[in-house]
Every structure is written in C-alpha cells, then in structure tokens.
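>>> Sharing a model prediction with you, sequence too.
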Amino acid sequence: MSFQISKLRADRVGPPPLPARQSLPQVKNQDRPSFAEHLHKACDETGCRTNFSMHAQVRIESREIDLKPEMLHRIDRAIDSAAGKGAEKALVMLDDLALIVGVKNRTVITVVDGQAMKENVFTSIDSAVIA
C-alpha cells in the first residue's frame, strides 16, 4: 500500500481564498420607471436630501420595494436625528424595512425588507433610529 503525500506550497499560507462575490442581478422592468427616475421625481416633490448607493438601488429594484415620497421624508428626518446625536453609520427602521445609512454623506448603503430581515445581524453601526 502506498500513500502519496503532497508538499505544502509556501505561497499558500493562511486560509483558502474566498469565492468570488456574486453580483446582484440587474432588474429592469420596461413597464416601470427605474428606481433612480422614481427617486429623482420623488425628491423633486418632497425636497429630500437622501442619496442611495448603487447597491441600495439594485436591492430596492430587485425586491420591488415601493418607496413613497412620504417614506423618503421620514428617512430624511431619521438621518437628521442620527446626525444630531453624532452618529456615523445608522440602522434606520422604517415600517417593514431596515436601511443602513452613512449619516455624514446622507447615503443609504443597503435596504433589507421584512422577508430578508429574519435572522439577520446588522454590524458596524453605531446607532439605530425608528422612523
């Protein structure tokens, strides 16, 4: 009986490399305006000052989350409140949505709906706001 023993390569020190990240699907429904178009129109109506990262926009479109102008206004107020307390990265709870927000640049980094929120852990935040 013979066994083959392979030598460890010196350049493979440490844990194995992580698999490549899967990109989020780009969802484009021809019957509906894009989220960016919807956002610009709603912000013109309400005067909101909130930005949305591309990641957040893709999440909103792929999960068909409908952000109404009133909701954008509530997000603005939540960011104002977090900024007033010196927050840098906040979890904003809005109805059945959770938004991670970079407070200083007023940018929604990601959005999680109620379905995906179960058993989810939010890290690297320094505050939470119930909007």
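In hand now; what should we look at? Numbering: from 1, shown residues only.
>>> Give me the next element, helix or strand, following the helix ranked longest in the chain.
Longest helix in the chain, counting residues (DSSP state H): helix 69-84. Using DSSP states H and E, the helix or strand that follows helix 69-84 in sequence is strand 89-94.
>>> What strands line up against that next one, and which way round?
strand 97-102 (antiparallel), strand 127-130 (parallel) (DSSP bridges).
>>> Need the contact partners of it.
Strand 89-94 has contacts (Cβ atoms under 8 Å, 6 or more residues apart in numbering) with 71, 74-75, 78-79, 82, 98-103, 109, 122, 124-131. In short, each C-beta sits where N, CA and C put it, glycine included.
>>> circling back: how many degrees apart are the longest helix of the chain and strand 89-94 in direction?
Helix 69-84 and strand 89-94 are oriented at 150 degrees to each other (axes from the mean of the first three to the mean of the last three Cα atoms, to 10 degrees).
>>> wait, which of the strands paired with strand 89-94 is closest to residue 62?
strand 97-102 (14.1 Å; Cβ to Cβ).
>>> Output that closest one as PDB, nothing but the C-alphas.
C-alpha atoms of strand 97-102 as PDB (Å, rounded to 0.1, in the frame of the first residue of the first chain):
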ATOM      1  CA  LEU A  97     -37.700  48.000   6.000                       C
ATOM      2  CA  ALA A  98     -34.200  48.200   7.500                       C
ATOM      3  CA  LEU A  99     -31.900  50.700   5.900                       C
ATOM      4  CA  ILE A 100     -28.200  51.000   6.700                       C
ATOM      5  CA  VAL A 101     -27.300  54.700   6.300                       C
ATOM      6  CA  GLY A 102     -24.000  56.600   6.100                       C
END
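>>> so after it, what's the next helix or strand?
Downstream of strand 97-102, the first helix or strand assigned by DSSP H and E is strand 107-113.
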